[in-house]
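Novice: sharing a model that was predicted from the sequence below.
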Amino acid sequence: MCHNIIDGRYHTDCSHFVSISTGFKDCLRPNCLFSVRHIHLTGCKSQSCIRLMALPVKNPIRISHSICNECKERRKMPSICEMC
């Protein structure tokens with residue numbers, strides 16, 4: 001099945017993945033709705049055609065040995081218990 005490839009930065013300290021860019025991988029199957037080789041025209045109603053993409057693949061092109069910006073912001077905010 002066709003799927004998206006997400007390039008991004010992986011933060012080792014918080015295990016979060018932040019996407020930078022997205023690419024597309026074509027499966028080249030004639031029965032896949034997303035493939036350039038799909039045999040039916042637009043508006044395909046065939047039961048035999050694949051209508052879902054596979055889960056996206058995360059490709060860490062950068063490895064950061066720190067926490068992500070979202071986690072940094074969360075740590076700055078006081079928790080509810082500290083306000084009591």
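Specialist: Nice, thanks for sending it over. Everything quoted here is computed from the prediction, not taken from an experiment. Numbers count the residues shown, from 1 in each chain.

Novice: helix/strand/coil for Ile20?
Specialist: strand (DSSP: H, G, I helix; E, B strand; the rest coil).

Novice: so how far is Ser64 from it?
Specialist: Remark: distance between Ile20 and Ser64 (C-beta to C-beta, to the nearest Å) = 12 Å. Where you see a C-beta, it was placed from the backbone N, CA and C, and this is true even at glycine.

Novice: do the same with Ser19
Specialist: Relative to Ser64, and taking C-beta to C-beta, Ser19 is found at 14 Å.

Novice: what sits in contact with each of Ile20 and Ser64?
Specialist: The contact sets of Ile20 and Ser64 overlap at Arg9 (C-beta atoms under 8 Å, 6 or more residues apart in numbering).

Novice: could you find the closest non-adjacent residue to Tyr10?
Specialist: Once flanking residues are discounted, Tyr10 sits nearest to Pro60: 3.8 Å by C-beta to C-beta, 6 or more residues apart in numbering.
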